[in-house]
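Enquirer: Sequence and predicted structure are below.
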Amino acid sequence: MILMLLSMLLAWTPFAQDSTDAKGIDFDIRARENLMMGKGANTRRPYYDVVVTKTPTAGVLIKLPYTRKGGKFSFDLHHRIAMTDDFGSPAEVTTVVEILSGGTTSIGTYTISDKINAGDKFEESIIKASSAEIDKYVTPLTTKTITLDIKPGPQSISIVGQMMIVTRGTATTRVDTPGTRIAVVSNFKFQEASQGTALKEKD
């Protein structure tokens with residue numbers, strides 16, 4: 001009877017582990033509700049505004065799961081542009097964000113730079129969370145995927161804005177006022193550092 005019970009336990013244990021690996025590793029996006037720009041009309045992915053701040057709780061805060069081996073976290077970074085009718089001449093836009101961990105400890109800054117032309121459109125339409133007139137023309141533009149190496153153990157990270165630089169001809173404008181929305185992030189994924197664990201995307 002005991003041998004039979006042990007055999008059943010040994011047979012069950014690998015099955016339970018495989019089931020855990022198959023569903024991936026979950027994580028929580030704890031950004032404030034007012035940072036939600038909207039959702040992709042096709043992908044249904046959430047898009048979050050990134051503000052200029054040094055306060056982690058004011059950024060796009062993400063609680064990663066506890067892992068014994070660490071892993072990789074990735075997200076897509078976009079410019080946040082108001083494509084109004086008077087957008088004007090082509091603009092060189094550089095957007096810089098910072099990743100904070102463990103309070104105000106910086107683990108890196110990341111830059112996306114592109115030439116933006118009047119009439120440029122994003123790869124999918126965004127169903128806006130806000131119906132305010134001021135948000136009508138605001139859209140993400142272009143995409144750069146950022147990948148972070150995550151250490152073992154529990155960890156929270158926050159995506160905050162540093163600055164946006166817009167150049168039209170000889171005129172350059174730097175936007176770094178605290179509270180200003182300068183970027184958009186989306187397509188969050190986490191992968192634990194173990195074989196057979198697929199990227200887990202957060203809806």
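Expert: On my side now, so go ahead.

Enquirer: How about the secondary structure of Ser131?
Expert: coil (DSSP: H, G, I helix; E, B strand; the rest coil).

Enquirer: What about it, how many residues nearby?
Expert: Neighbourhood size, Ser131 [other C-beta atoms under 10 Å]: 7. Placement of C-beta: from N, CA and C, glycine included.

Enquirer: can you tell me how far it sits from Gly38?
Expert: Look at Ser131 and Gly38: by C-beta to C-beta, to the nearest Å, they are 11 Å apart.

Enquirer: before we move on, what about Ala129?
Expert: Counting by C-beta to C-beta, the gap from Ala129 to Gly38 is 5 Å.

Enquirer: wouldn't Leu77 be in contact with Thr95 here?
Expert: Yes - using C-beta atoms under 8 Å, Leu77 is in contact with Thr95, at 7.4 Å.

Enquirer: between these two, who's got more neighbours?
Expert: Taking other C-beta under 10 Å, Leu77 and Thr95 do not tie; Thr95 has more neighbours (28 against 23).

Enquirer: Sheet-wise, list the partners of the strand or helix carrying the more buried one with their directions.
Expert: Per DSSP states H and E: Thr95 is located in strand 91-101. Strands that pair with strand 91-101, judged by DSSP bridges, come out as strand 105-116 (antiparallel), strand 155-168 (antiparallel).

Enquirer: Please spell out which residues along the shortest one are buried.
Expert: Neighbour-count burial for strand 105-116, with 16 or more other C-beta atoms under 10 Å as criterion, is recorded at Tyr110, Ile112, Asp114, Ile116.

Enquirer: Output that strand as CSV, restricted to C-alpha atoms.
Expert: Extracted C-alpha coordinates of strand 105-116, given in CSV (Å, rounded to 0.1, in the frame of the first residue of the first chain):
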residue,chain,number,x,y,z
THR,A,105,17.5,53.3,-7.3
SER,A,106,18.0,53.7,-11.0
ILE,A,107,18.7,50.5,-13.0
GLY,A,108,19.0,52.3,-16.3
THR,A,109,17.8,55.0,-18.8
TYR,A,110,16.4,54.2,-22.2
THR,A,111,16.0,56.4,-25.3
ILE,A,112,13.9,56.3,-28.4
SER,A,113,14.6,58.7,-31.2
ASP,A,114,12.7,59.2,-34.5
LYS,A,115,11.8,61.6,-37.2
ILE,A,116,8.0,62.3,-36.9
